[in-house]
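Engineer: please work out how this folds:
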Amino acid sequence: MSEKQTDEEVIVVGTRPEGGAANTATGIIETQVDAPPRRSRRTAVVIIVTVVAIAATALLLWWFARSSGSGAGRPVPAPRTVAIDQPSDAGGAGGSEAAPGEATLTLPPETMKRAGIRVEPVGEQLAADADGGQVATGVVQPNAYRTTPVVSLVGGIVRRVEAELGEHVRRGETVAVVFGDDLAMRQSEYLKALAELDEHHQHHLRTAKLLEIGAASREEFEQATARLKTTEAEVAAQRQRLLLLGLPSQRVSQLRSSSQVSSEVSLPSPISGTVISRAVNQGEVIEANKEIMRVTDLSSVWVIGQVYERDLAQIRTGSGASITTAAYPGRVFRGRIAYVDPSLDSQTRTAQVRIELANPGEALKIGMFLNVAFGATGGAEKTMPVMPMAAVQNINNRQIVFVATKDPNVFAMRSVKLGPETGDRVLVLEGVGVGERVVTEGSFLLRAEWLKQHPGGA
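Structural biologist: Numbers count the residues shown, from 1 in each chain. Okay, the predicted model is just below:
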């Protein structure tokens, strides 16, 4: 064996032979090398898996954030609502503070009294309406979930109709009275059941006493008990029939003799609301289960919009909608989409979309035509201020308006940039915002007073 060979050592990883002797026959020296600890290897594996999991989680979060950025498939929240007060004769009622350095006009109290100044809030209008853009059309319908018919469960003659069409009624208020023999017959049956109940009750008491002294058998007592319970059940059933026919619970409890039997049924309103239909008149003969009138709560209404097939992909339940009508120029109503009809009209290629919205003061009337812009299409929030043209005055070749402040005698003079006119109103591009109160009637007098105090018109 050469010198080079003898200097080399071969390391064998494994179990050392018993005794640990070197293998001199082959010239290979066996040396035992201990394996690394298992705990260290396991710790390394755990660290690697943890790092990979964190990286995968971060990648998923980044992907979802990027996907949701477009907003596709998510309901668009209802547009903002701007509270606009009604016109007022009080010059500064509900006004705002004048901006620092803004020109103001102060009127003496005696001038204010004879000026006849009237202020009106700046309204808003859908931008699509202003530039002739595309908006959906709709019609007002009553909220079917808040509409209840008044039905007479007895036939007879209509004695009185207490509620008129369009009248507001309260829950429980009598809206009609019907005269019929059905109620009288039911009351008579109830009195008969009461008499039988009293008779069986007395018989049950006598049988119980006879049983105590041995003059009656147990069988007779049980028979008396069974008849008493049967009569009690019959009385309860007759009582429920009277309540169902419309007889008040107090009257049923007080019914004890035939002299109290009445043939008139009072029909109460089931809810508080407005009478939107009336089907009978006084003296008319009706059958049982006849609808007398229909009452609905008009504090909330439905707007049924017609949406073209090409726009349906953007409409989502829960999204917001803005609604305008020619009846209330400068006013935008806000609602939300509650239902999208799954079927299309084969003639118009449109689907019905139901929008629920509040109806303060019952301003929106049933059957009124409206314009609808949807939040999902981006049109619901595209609004522009609009105000009466009578509020605009010209001073030194500038178009200005007088804005009411919190001081009823002080008005801020503000330059405005106007857009196109729509009827007696004009769109405002710059100068005033929605909700600010501008002088309409009496603005010419304020202009004259300003020129009187500032002859140069500055």
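
Engineer: okay, CA-based contacts and neighbour counts for the rest of this
Structural biologist: OK.

Engineer: list the residues that contact Arg241.
Structural biologist: Arg186 (CA atoms under 8 Å, 6 or more residues apart in numbering).

Engineer: how about Val161?
Structural biologist: Neighbouring residues of Val161 by CA under 8 Å, 6+ apart: 175-177, 281-282.

Engineer: now do Leu357
Structural biologist: 300-303, 333-336.

Engineer: just checking, next helix/strand downstream of the helix of greatest length in the chain?
Structural biologist: The single longest helix within the chain, with elements called by DSSP state H, is helix 181-213. Toward the C-terminal end, the helix or strand that comes next after helix 181-213 (DSSP states H and E) is helix 218-244.

Engineer: roughly how far is stretch 162-180 from the heart of the chain?
Structural biologist: 28 Å (CA atoms, centre = their mean, to the nearest Å).

Engineer: buried residues, it. List them.
Structural biologist: If you call a residue buried by 16 or more other CA atoms under 10 Å, then stretch 162-180 has these buried ones: 163, 168-169, 173-180.

Engineer: just stretch 106-118 next, same as before
Structural biologist: For stretch 106-118, burial by neighbour count (16+ other CA under 10 Å) applies to 107, 112, 117-118.

Engineer: same check, this time on stretch 176-196
Structural biologist: Those would be 176-184, 186-191, 193-196, for stretch 176-196 by 16+ other CA under 10 Å.

Engineer: likewise for stretch 353-373?
Structural biologist: By 16+ other CA under 10 Å, the buried positions in stretch 353-373 come out as 353-359, 364, 366, 369-373.

Engineer: returning to what we had before: give me the subset of the buried residues of stretch 106-118 lying in strands.
Structural biologist: Among the buried residues of stretch 106-118, no residue falls in strands (DSSP state E).

Engineer: closest one of those residues to Ser272?
Structural biologist: Arg118 (36.0 Å; CA to CA).

Engineer: and Ala216, how many neighbours?
Structural biologist: 15 (other CA atoms under 10 Å).

Engineer: how near is it to Thr207?
Structural biologist: As judged by CA to CA, to the nearest Å, Ala216 and Thr207 stand 7 Å apart.

Engineer: separation between the residue lying closest to Gly166 once chain neighbours are set aside and Arg294?
Structural biologist: Nearest in space to Gly166, with sequence neighbours left out and distances taken as CA to CA, 6 or more residues apart in numbering, is Val275 at 5.0 Å. Val275 sits 6 Å away from Arg294, going by CA to CA.

Engineer: those two: which has the busier surroundings?
Structural biologist: Val275 (25 against 20).

Engineer: quick one, grab the pLDDT at the more buried one.
Structural biologist: Here the pLDDT value assigned to Val275 is 95.

Engineer: helix or strand right after the helix or strand containing it?
Structural biologist: Remark: Val275 resides in strand 273-278, with elements defined by DSSP H and E. Counting by DSSP H and E, the next helix or strand C-terminal to strand 273-278 is strand 285-286.

Engineer: hey, what's the closest residue in space to Asn281 that isn't next to it in sequence bridged with?
Structural biologist: Nearest residue to Asn281 in three dimensions, chain neighbours excluded: Val161, at 6.6 Å (CA to CA, 6+ apart). Applying DSSP bridges to Val161 gives these bridge partners: Ala176.

Engineer: roughly how far does Val161 sit from Gln453?
Structural biologist: Taken as CA to CA, the span from Val161 to Gln453 is 65 Å.

Engineer: and for Ala55?
Structural biologist: Counting by CA to CA, the gap from Ala55 to Gln453 is 74 Å.

Engineer: what does the domain assignment say about the protein?
Structural biologist: Here the domain parsing of the chain from automatic domain parsing is 104-126+384-453, 136-143+298-378, 150-296.

Engineer: let's have those in TSV, adding distance to Leu60.
Structural biologist: Formatted as TSV, those follow (distance: least, CA to CA, whole Å):
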stretch	distance to Leu60
domain 104-126+384-453	40
domain 136-143+298-378	26
domain 150-296	51
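
Engineer: settle this for me: Val403 is touching Arg437, isn't it.
Structural biologist: Yes - under the contact definition of CA atoms under 8 Å, Val403 touches Arg437, with a separation of 5.8 Å.

Engineer: about what we covered before: next, the angle from the longest helix of the chain to helix 218-244.
Structural biologist: 160 degrees (axes from the mean of the first three to the mean of the last three CA atoms, to 10 degrees).

Engineer: number of residues surrounding Ser346?
Structural biologist: 8.

Engineer: that one belongs to a helix?
Structural biologist: No - per DSSP: H, G, I helix; E, B strand; the rest coil, Ser346 lies outside any helix segment and is coil.

Engineer: mind listing the strands for the stretch 251-400 of the chain?
Structural biologist: 264-268, 273-278, 285-286, 290-296, 300-308, 320-324, 333-340, 350-358, 369-374, 383-388, 393-395, 398-404 (DSSP state E, counting those that start in this stretch).

Engineer: elements contacting the first one?
Structural biologist: The reference is to strand 264-268. strand 147-152, strand 174-179 (3 or more CA pairs under 8 Å, 6 or more residues apart in numbering; DSSP states H and E).

Engineer: Gln314: which of the ones you listed is closest?
Structural biologist: strand 147-152 (30.8 Å).

Engineer: on that earlier part again, what is the nearest of the buried residues of stretch 353-373 to Val432?
Structural biologist: Ala373 (23.6 Å).

Engineer: now that closest one, which residues is it bridged with?
Structural biologist: On the basis of DSSP bridges, Ala373 is bridged to Ser322.

Engineer: ok, it touching Ala136?
Structural biologist: Yes - counting by CA under 8 Å, Ala373 does reach Ala136; the two are 6.4 Å apart.
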